[in-house]
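K.L.:
build me a model:
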Amino acid sequence: MSFAALILRNVLSRKTRSILTAVAVAVGITTVVVLGVLTHSLKRTAISVLRTGTADFTVAQKGVSDVLYSSVDQSEVDQIRAQPQVESAVGVLVAAIGLDSDHPFFLELGMPPQDLMPFGVQIVDGRAYNADATNEIMLGYRAARDFHKSVGDTFTIEGATFNIVGIFSTGQVFGDQASMMPLPTLQARERKPNTVTLVFIQAMPGADIDSLRKSIEHDMPELATVRTASEFGRIDRNLSLISAANVGVSLLALVIGAIGVMNTMIMSVFERTREFGVLRAVGWTRRRVLALVLAESLVVGLTGAVIGVIAGVVAIEQLGRVPELVGVFQPDYTVDIFARALGIAVGMAFIGALYPAVRAALLLPLNALRHE
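P.N.:
As a prediction, the model looks like this:
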């Protein structure tokens, strides 16, 4: 019998125990996959809001619980715009509303019409709204397509009716699913006079962006600049907490899974003491006995990983149907998430089987053969 066949025979000879251990591993892997995809997808959603337009980086209030709660005064926008390395500073008020069950996270963007071009907005049909218009609105082309609207139609938001005067494109999914209106109009609707949510900065050609960011944060310590996804936690504590919880749960899953695997493998080694004695007596080295036990544990762990990944994907698809997450949570499956799940499964198998494997390898043949 080959070494691989012996491994499979030993695993299958204790089907119930192997299945239960694989299920325990699968539960941990399912949790890792679900939290990993959820965290990554929510972060991508949040970053998409920040990357709407063609800015080099974004400025927001530091340390708010949610980026949409950021509040930047118009005086601060003017101060940023006065920086010598700043080509344009576009202050945008962002509001999120629920239009219906299919669109629970619909963005309203308010900005002056003269800032549309610096912001990176391309009007693909119609015209821009007037600066003082209270009933004019533009729709992103994705939103116009979803609602079957075109220039000249009306659009109702929370009881207010607007005339659609233009269709725009920003090149970002969430921007193209949003609406735009004059900044004073949205400020009045949201009761936030002289306030914006985010400031989108475009630096002068050849400017030192890192130096510019440091200068802004030095002059206005209540604000933070964000350029990459890894920096998003500086302006949104909720996402930082979710990311920390993801890491913590992954470590907890590793520990719990390893304990489950260890329990199973210790019982297996104890029951097969005479078998290991025979193997040692016929010439098996300690290294080969060690490899046998570790390999058996790895087979169980990888089986659990496969089950866990499948269960995780099913759970994620169900999460996407939860009304509160529709439009906000768009599953994004990355190689990193599945690689981490696989690594944790292998870690569970290796850590859990290490002590039982060493114990089996160190058994003396004569003592093992005397074992009852």
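K.L.:
now the residue nearest in space to the middle of the chain: which helix or strand?
P.N.:
Residue closest to the average C-alpha location in the chain (Cα atoms, centre = their mean): His40, at 1.1 Å. Element membership of His40 [criterion: DSSP states H and E] is helix 15-50.
K.L.:
distance from the chain centre to that helix, please.
P.N.:
Centroid separation for helix 15-50 versus its chain: 11 Å, with Cα atoms, centre = their mean, to the nearest Å.
K.L.:
how about the helices in the stretch 51-200 of the chain?
P.N.:
Here the stretch 51-200 of the chain has its helices, by DSSP state H, counting those that start in this stretch, at 74-81, 116-119, 141-147, 173-176, 183-190.
K.L.:
quick one: closest of the ones you listed to Val261.
P.N.:
Val261 lies closest to helix 173-176 among the helices of the stretch 51-200 of the chain, at 41.8 Å (Cβ to Cβ). Glycine gets a C-beta too; all of them are placed from N, C-alpha and C.
K.L.:
what packs against that closest one?
P.N.:
Judged by 3 or more Cβ pairs under 8 Å, 6 or more residues apart in numbering; DSSP states H and E, the packing partners of helix 173-176 are helix 15-50, strand 106-110, helix 141-147.
K.L.:
hey, which helix or strand in this structure has the poorest pLDDT?
P.N.:
Least confident helix or strand, the chain: helix 365-370 with a mean of 64, by mean pLDDT, DSSP states H and E.
K.L.:
dump the helices of the stretch 51-200 of the chain to JSON lines, plus distance to Thr161 and mean pLDDT.
P.N.:
Output for these, formatted as JSON lines (distance: least, Cβ to Cβ, whole Å; pLDDT from 0 to 100):
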{"stretch": "helix 74-81", "distance to Thr161": "28", "mean pLDDT": "91"}
{"stretch": "helix 116-119", "distance to Thr161": "23", "mean pLDDT": "81"}
{"stretch": "helix 141-147", "distance to Thr161": "14", "mean pLDDT": "90"}
{"stretch": "helix 173-176", "distance to Thr161": "22", "mean pLDDT": "76"}
{"stretch": "helix 183-190", "distance to Thr161": "13", "mean pLDDT": "92"}
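K.L.:
which of these sits most buried?
P.N.:
Mean neighbour count (mean count of other Cβ atoms under 10 Å) peaks for helix 173-176 among those, with a mean of 21.
K.L.:
CA atoms only: put that one into CSV for me.
P.N.:
The C-alpha trace of helix 173-176 is given here as CSV (Å, rounded to 0.1, in the frame of the first residue of the first chain):
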residue,chain,number,x,y,z
VAL,A,173,-19.8,53.1,-10.4
PHE,A,174,-21.3,54.8,-7.4
GLY,A,175,-20.9,58.3,-9.0
ASP,A,176,-22.7,57.1,-12.1
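K.L.:
what's the offset of that helix from the middle of its chain?
P.N.:
On Cα atoms, centre = their mean, the centre of helix 173-176 falls 18 Å from that of its chain.
K.L.:
again, but for stretch 150-164
P.N.:
Centroid separation for stretch 150-164 versus its chain: 34 Å, with Cα atoms, centre = their mean.
K.L.:
what are the buried residues along it?
P.N.:
Using 16 or more other Cβ atoms under 10 Å as the test for burial, stretch 150-164 gives 151, 155, 157, 162, 164.
K.L.:
so who does the third one touch?
P.N.:
Counting by Cβ atoms under 8 Å, 6 or more residues apart in numbering, Ile157 touches 97, 99, 108, 137, 179.
K.L.:
return the subset of these lying in strands.
P.N.:
Counting by DSSP state E, the part of the contacts of Ile157 found in strands is 97, 108, 137, 179.
K.L.:
all strands of the protein, in order?
P.N.:
57-61, 72-73, 86-97, 106-110, 122-126, 136-140, 154-157, 160-169, 179-181, 195-196, 198-203, 223-226.
K.L.:
which stretches of the chain have low pLDDT?
P.N.:
Applying pLDDT under 70 to the chain flags the ranges 1, 45-54, 65, 229-230, 232-242, 320, 322-330, 365-372.
K.L.:
do I have it right that Pro118 meets Gln202?
P.N.:
Yes: the criterion here is Cβ atoms under 8 Å, and Pro118 meets it with Gln202 at 6.3 Å.
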